[in-house]
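*Asks:* With the input below, show me the fold.
(one chain, ligands or ions: 1)
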Amino acid sequence: MAFDLEKIVRPNIWRLQPYSCARDEFKGRPAKVFLDANESPYNNPYNRYPDPMQEELKALLSKVKGVPAESIFLGNGSDEAIDLVYRIFCTPGVDNVVAIEPTYGMYSVCADINDVEYRTVLLDDNYRLNADKVLQAVDDRTKAIWLCTPNNPTGNSLERAQIEKILDNFTGIVIVDEAYSDFAAVRPFRVDLGRWPNLVVLNTFSKAWGCAAIRLGMAFASKDIIGLFNKVKYPYNVNELTQQKAIAMLKDLGKVNQWLASIRSERAKVIAAFAELPVCEKVFDTDANFFLARVKDANAIYNYLIDCGIVVRNRHRVKLCGNCLRITVGTPNENIELLAALRRYK
Ligand SMILES: *Cc1c(COP(=O)(O)O)cnc(C)c1O
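*Replies:* Coordinates of the predicted model:
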């Protein structure tokens with residue numbers, strides 16, 4: 001089965017002539033007087049429109065992520081990339097997508113906003129992926145399959161062989177959301193982009209990079225798919241303050257790596273201590289900066305923790321997650337506070 005990009009892109013998007021902004025047109029030649037974009041000449045540097053293609057930032061990211069700059073799309077959080085997948089590939093009211101369940105909520109919210117049918121395939125009781133079940137849910141109107149590894153809210157990495165089977169056998173787009181891959185020990189799909197023309201990998205500055213506030217998400221894919229993202233995005237979708245902060249972070253990798261090491265070692269400690277608590281029934285395996293735990297009474301314990309000033313995520317109402325709390329790994333002191341509060345719970 002051959003992958004044919006033109007066949008799976010919405011015809012109106014394939015034909016689309018993108019908006020050409022002032023900065024796109026002059027690009028590349030030296031200039032010192034900018035009278036092309038109706039900006040104010042005052043209040044430097046905030047008066048100037050940001051680089052629409054974020055070239056300096058992408059050049060740095062390319063080195064850190066091991067992905068060519070032309071294979072990188074940057075957006076206003078991963079949320080923008082998720083929404084763009086629907087807008088590029090799915091004709092509202094006609095096409096559908098398939099996703100695992102439970103998983104990250106934005107895939108289904110964006111499907112609803114775009115009026116795209118959202119089909120789900122349940123993971124097994126240990127949150128494992130079965131490629132055949134996912135492929136069975138596909139029909140000739142299925143444009144995309146959503147996978148998330150490590151998965152949110154379960155925390156586990158999906159089995160690589162199962163993901164590869166889906167990539168090999170599905171002729172639409174396969175999105176592998178690796179928002180948490182920095183915390184995992186397994187090989188990320190990002191570095192194998194060249195193997196699959198239908199692969200889109202998502203990464204974010206919101207987790208390991210400690211930059212949820214700046215709203216910066218990444219999509220990695222073939223040059224042709226990235227071209228479609230660039231055609232459809234708002235011209236200045238990543239603001240200048242965000243670009244500058246991200247560039248500063250990329251020049252300070254040592255700090256990010258220290259945070260990562262701390263979170264990994266704290267994760268092991270918190271999980272071991274949590275498993276010993278009287279309230280704990282089970283802690284699920286995790287490759288992320290959070291863990292899912294089954295407790296005696298999730299609603300009661302969630303409310304008790306709120307009264308202690310500690311907020312965790314109650315996943316009791318999510319399929320396969322009855323009586324489960326999703327708990328983020330914090331600083332050593334935050335983790336001690338959580339465990340102490342739970343030891344006092346009666
Ligand atoms: C947190 C998270 C993201 C990040 O979204 P942003 O919009 O980049 O903040 C993406 N995917 C998953 C699965 C997440 O849990």
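
*Asks:* For residue 345, grab the count of nearby residues.
*Replies:* 16 (other CB atoms under 10 Å). In short, each C-beta sits where N, CA and C put it, glycine included.

*Asks:* ok, it touching residue 301?
*Replies:* Yes: here residue 345 reaches residue 301: they are 6.5 Å apart, a contact under CB atoms under 8 Å.

*Asks:* joint contacts of the two?
*Replies:* residue 279 (CB atoms under 8 Å, 6 or more residues apart in numbering).

*Asks:* Just after the helix or strand of the chain with the lowest mean pLDDT, pick out the following helix or strand.
*Replies:* Every helix and strand in the chain was compared by mean pLDDT, DSSP states H and E; the lowest is helix 22-26, with a mean of 72. Counting by DSSP states H and E, the next helix or strand C-terminal to helix 22-26 is helix 55-65.

*Asks:* Report all helices and strands that that following helix contacts.
*Replies:* Helix 55-65 is packed against strand 72-75, strand 217-220, helix 240-250, with contacts defined by 3 or more CB pairs under 8 Å, 6 or more residues apart in numbering; DSSP states H and E.

*Asks:* Tell me which of the ones you listed sits nearest to the ligand.
*Replies:* strand 217-220 (3.7 Å; CB to the nearest ligand atom).

*Asks:* Do the closest one and the ligand come into contact?
*Replies:* Yes: Strand 217-220 comes into contact with the ligand (CB under 6 Å from any ligand atom), by way of residue 217.

*Asks:* and residue 39, how many neighbours?
*Replies:* If we define neighbours as other CB under 10 Å, then residue 39 has 14 of them.

*Asks:* Look up how far residue 240 lies from it.
*Replies:* Applying CB to CB, to the nearest Å, the value for residue 39 to residue 240 is 12 Å.

*Asks:* cool, and residue 107?
*Replies:* For residue 107 relative to residue 240 (CB to CB), the value is 30 Å.

*Asks:* Please identify which of those two sits among more neighbours.
*Replies:* residue 107 (22 against 15).

*Asks:* that's a helix at that one, yeah?
*Replies:* Yes: assessed with DSSP: H, G, I helix; E, B strand; the rest coil, residue 107 lies in a helix.

*Asks:* so who does it touch?
*Replies:* Counted by CB under 8 Å, 6+ apart, residue 107 has contacts 82, 97, 99, 118, 146.

*Asks:* Nearest to the ligand among those residues?
*Replies:* The nearest one, if we look at these relative to the ligand and count by CB to the nearest ligand atom, is residue 82, at 7.7 Å.

*Asks:* Could you tell me how many residues sit around the closest one?
*Replies:* Residue 82 - counted by other CB under 10 Å - has 22 other residues nearby.

*Asks:* Same question for residue 186.
*Replies:* Counted with other CB under 10 Å, the neighbours of residue 186 add up to 13.
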